[in-house]
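Q: Please find the sequence and the predicted model below.
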Amino acid sequence: MSKVLFAAAEAHPFIKTGGLGDVMGALPQELKKIGVDARVVIPKHKNIKPNFKEKLYFIKWFTVKVGWRNEYCGVFSYNHEGVEYYFIDNEKYFNRDGLYGYYDDGERYAFFDRAVLEFLREIDWYPDIIHCNDWQTGMVPVLQKLEYKYQHNYSQIKTVFSIHNLLFQGTFDKEILPELFGYDYEPYDNGSLELFGGVSFLKGGINYADRISTVSYTYANEIQTPMYGEKLDGLLRSKNNILSGIVNGIDYDIYNSETDKNIFRNYNIDSIDNKKINKLELQKRLGLPVREDSAVIGIVSRLTNQKGFDLIVNIGDRLLQHNIQLVVLGTGDRGYEEHFKGLQYRYPDKVSANITFNDELAHKIYAGADMFLMPSLFEPCGLGQLIALRYGTIPIVRETGGLKDTVNPFNKYTGEGNGFSFRNYNANEMFTIIESAIGYFHNKSIWNGLIRNALLSDNSWQKSAQDYKNLYEALI
Ligand code: ADP
């Protein structure tokens, strides 16, 4: 049985800010089912859900070197549905609100990355693979290659580095090499870690891991081009032979229209009419007029320019001349937050702006909306559109990254397709597609066909977990 340790900054159901957390919650479970001993390690953040936090089991403590200092490191564990989760504890670094965005993130994750390698010795369990995720764990492959592989029990360990979002590169002052890692400047001077005059954890992961993966096939190709490569496209092209794209799935138990306790009425492909009840109840709950004939367009997202909000801002007023209701759930850039509040003020009968993070409301929107809008500028995989499909809510997306790989544009001649898509990052192009979707919405037989196609789309983890297993086995 192969042994895989996932290292990441977040994991559902303990703590999550986005797609990465979802993946850490679902993929290990699925791997377990196909005979992989998958475990997960994350920091013991302050905001881990209290019902879990109080149940974490203390294993032991030891110290971890951060440059010339020794820092306390506690290890806790929790077995969630058969998967062992470990939590790295240090109150100075992780007893804070939120997960990222602190002035000393470099130090916090330098500590975490070394702790990931050190705690293996402490619990006397050595995986075949350490599967690292995003910049926060990018230095694990560096430490493994430069130091640990020369140590007893570590020599066989291989590393996989997954890019969930290339935009976040974890770049810090080059002084961190001696200060936090005890290294000289060689890996900076020879370019292995250097990025625009700093040291990038992400670049470390890309350069030192044995394999690189990203979360969709299209994104794996896109990041090798200057448009999407975030200045690392050249490096990624040179790594082409060890880079692959494996599309994310979603947890089919958490997102299940038949059993979801968060939604107003359960339904399945044989009871599509019950989906309507979710729409009407959602309208009621949000204080919108209860109107079956208004197409409800849902958005559940971080409010950042990555997610295509410039396009939505551009056409907002034009769109709202139609018989639609726009339901937004998200937090993020102040400008977008204010914009949606403003729209709600001006169109109280048509716009509901919920500027908050709320899992329960998210489920209600996924189930209650007719359409789900996600016109991202770039999208490594995207989970929103997958969740929407699972609830028979028709995605309208831009053809980029995972959105392109998972949404099949509707073909009016064959009736095939599970959503709508447009190609260029252009507000008018998006507007035309939304208008055509609204047109089809009023044709019940076409729309019900689309709902059925959406509900029949398979975005479970089953296939992708097998792809990861193959990737691991090729390495061991
Ligand atoms: P990203 O990871 O780039 O933010 P994804 O589409 O991959 O985008 O994943 C976003 C996840 O976070 C989805 O599960 C989505 O439902 C959830 N989410 C985003 N914003 C909110 C919010 N305000 N409230 C509840 N869930 C949210």
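A: That came in fine, so what should we check first? Numbers count the residues shown, from 1 in each chain.
Q: residues of the lengthiest strand in the chain that come out buried?
A: Scanning the chain for the longest strand, with DSSP state E as the assignment, gives strand 69-80. Across strand 69-80, burial judged by 16 or more other Cβ atoms under 10 Å covers 71, 73-78, 80. Yep, even glycine has a C-beta here, placed from its N, CA and C like the rest.
Q: can you pull the contacts of Arg96?
A: Under the criterion of Cβ atoms under 8 Å, 6 or more residues apart in numbering, the neighbours of Arg96 are 45-46, 102.
Q: hmm, back to that, in the sheet, which strands lie alongside the longest strand of the chain, parallel or antiparallel?
A: strand 57-66 (antiparallel), strand 83-89 (antiparallel) (DSSP bridges).
Q: for these, which one ends up most surrounded?
A: Mean neighbours per residue, mean count of other Cβ atoms under 10 Å, is largest over the strands paired with strand 69-80 for strand 83-89, with a mean of 22.
Q: Now the element after it, going C-ward?
A: Per DSSP states H and E, the first helix or strand lying C-terminal to strand 83-89 is helix 91-94.
Q: Quick one: residues in contact with that following helix.
A: Counting by Cβ under 8 Å, 6+ apart, 43-46, 71, 88, 104, 107-108, 111-112 sit against helix 91-94.
Q: What of stretch 233-243?
A: With Cβ under 8 Å, 6+ apart as the criterion, stretch 233-243 contacts 203, 206-207, 210-214, 220, 223-226, 229.
Q: now the end-to-end length of that stretch.
A: One end of stretch 233-243 sits 12 Å from the other (Cα to Cα, to the nearest Å).
Q: buried sites along that stretch?
A: Buried-residue list, stretch 233-243, by 16+ other Cβ under 10 Å: 233, 235-236, 239, 243.
Q: Need those residues in JSON lines (columns: distance to the ligand, pLDDT and secondary structure).
A: Below are those laid out as JSON lines (distance: Cβ to the nearest ligand atom, whole Å; pLDDT from 0 to 100; DSSP: H, G, I helix; E, B strand; the rest coil):
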{"residue": "Asp233", "distance to the ligand": "20", "pLDDT": "98", "secondary structure": "helix"}
{"residue": "Leu235", "distance to the ligand": "22", "pLDDT": "98", "secondary structure": "helix"}
{"residue": "Leu236", "distance to the ligand": "19", "pLDDT": "98", "secondary structure": "helix"}
{"residue": "Lys239", "distance to the ligand": "23", "pLDDT": "98", "secondary structure": "coil"}
{"residue": "Leu243", "distance to the ligand": "20", "pLDDT": "98", "secondary structure": "strand"}
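Q: what's the most distant pair in those residues?
A: Largest separation among the buried residues of stretch 233-243 by Cβ to Cβ: Asp233 and Leu243, giving 11.5 Å.
Q: In this structure, where's the longest helix?
A: helix 105-123 (DSSP state H).
Q: what is the rounded mean pLDDT of that one?
A: Averaging pLDDT along helix 105-123 gives 98.
Q: Can you tell me which of the contacts of helix 91-94 lies closest to His12?
A: His45 (13.0 Å).
Q: thought that closest one was touching Tyr102?
A: No - using Cβ atoms under 8 Å as the test, His45 is too far from Tyr102 to be in contact (11.8 Å).
Q: Please compare those two by neighbour count and tell me which comes out ahead.
A: His45 (21 against 13; other Cβ atoms under 10 Å).
Q: what secondary structure does that one sit in?
A: Assigned by DSSP: H, G, I helix; E, B strand; the rest coil, the conformation of His45 is coil.
Q: what does Asp184 give?
A: coil.
Q: Count residues in the vicinity of it, would you?
A: Counted with other Cβ under 10 Å, Asp184 comes out at 10.
Q: Over to Asn459?
A: Asn459, neighbours per other Cβ under 10 Å, totals 21.
Q: quick revisit: now do the longest helix of the chain against strand 83-89, angle only.
A: Calculated by axes from the mean of the first three to the mean of the last three Cα atoms, to 10 degrees, helix 105-123 forms an angle of 120 degrees with strand 83-89.
Q: could you dump helix 105-123 to PDB, C-alpha only?
A: Provided in PDB are the C-alpha atoms of helix 105-123 (Å, rounded to 0.1, in the frame of the first residue of the first chain):
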ATOM      1  CA  ASP A 105       4.000  34.600   6.400                       C
ATOM      2  CA  GLY A 106       7.500  33.600   5.100                       C
ATOM      3  CA  GLU A 107       8.600  32.700   8.600                       C
ATOM      4  CA  ARG A 108       5.300  31.000   9.500                       C
ATOM      5  CA  TYR A 109       5.400  28.700   6.600                       C
ATOM      6  CA  ALA A 110       9.200  28.200   6.700                       C
ATOM      7  CA  PHE A 111       8.500  26.800  10.200                       C
ATOM      8  CA  PHE A 112       5.600  24.700   9.000                       C
ATOM      9  CA  ASP A 113       7.500  23.300   6.000                       C
ATOM     10  CA  ARG A 114      10.400  22.100   8.200                       C
ATOM     11  CA  ALA A 115       7.900  20.800  10.800                       C
ATOM     12  CA  VAL A 116       6.200  18.700   8.100                       C
ATOM     13  CA  LEU A 117       9.500  16.800   7.500                       C
ATOM     14  CA  GLU A 118      10.500  16.700  11.200                       C
ATOM     15  CA  PHE A 119       7.200  15.400  12.600                       C
ATOM     16  CA  LEU A 120       7.600  12.200  10.500                       C
ATOM     17  CA  ARG A 121      10.600  11.300  12.500                       C
ATOM     18  CA  GLU A 122       8.700  12.000  15.700                       C
ATOM     19  CA  ILE A 123       5.700   9.900  14.800                       C
END
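Q: Check which helices and strands the helix or strand immediately after it in the chain sits against.
A: Sequence order places strand 129-133 as the next helix or strand after helix 105-123, per DSSP H and E. In terms of contacts (3 or more Cβ pairs under 8 Å, 6 or more residues apart in numbering; DSSP states H and E), strand 129-133 is packed against strand 3-7, helix 19-33, helix 139-146, strand 158-163, helix 462-475.
Q: Can I get the ones you listed in CSV including mean pLDDT?
A: Output for the helices and strands packed on strand 129-133, formatted as CSV (pLDDT from 0 to 100):
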stretch, mean pLDDT
strand 3-7, 98
helix 19-33, 95
helix 139-146, 98
strand 158-163, 98
helix 462-475, 96
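Q: Dump those to JSON lines, plus distance to the ligand and mean neighbour count.
A: Output for the helices and strands packed on strand 129-133, formatted as JSON lines (distance: least, Cβ to the nearest ligand atom, whole Å; neighbours: other Cβ atoms under 10 Å):
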{"stretch": "strand 3-7", "distance to the ligand": "16", "mean neighbour count": "25"}
{"stretch": "helix 19-33", "distance to the ligand": "3", "mean neighbour count": "23"}
{"stretch": "helix 139-146", "distance to the ligand": "21", "mean neighbour count": "24"}
{"stretch": "strand 158-163", "distance to the ligand": "12", "mean neighbour count": "25"}
{"stretch": "helix 462-475", "distance to the ligand": "14", "mean neighbour count": "16"}
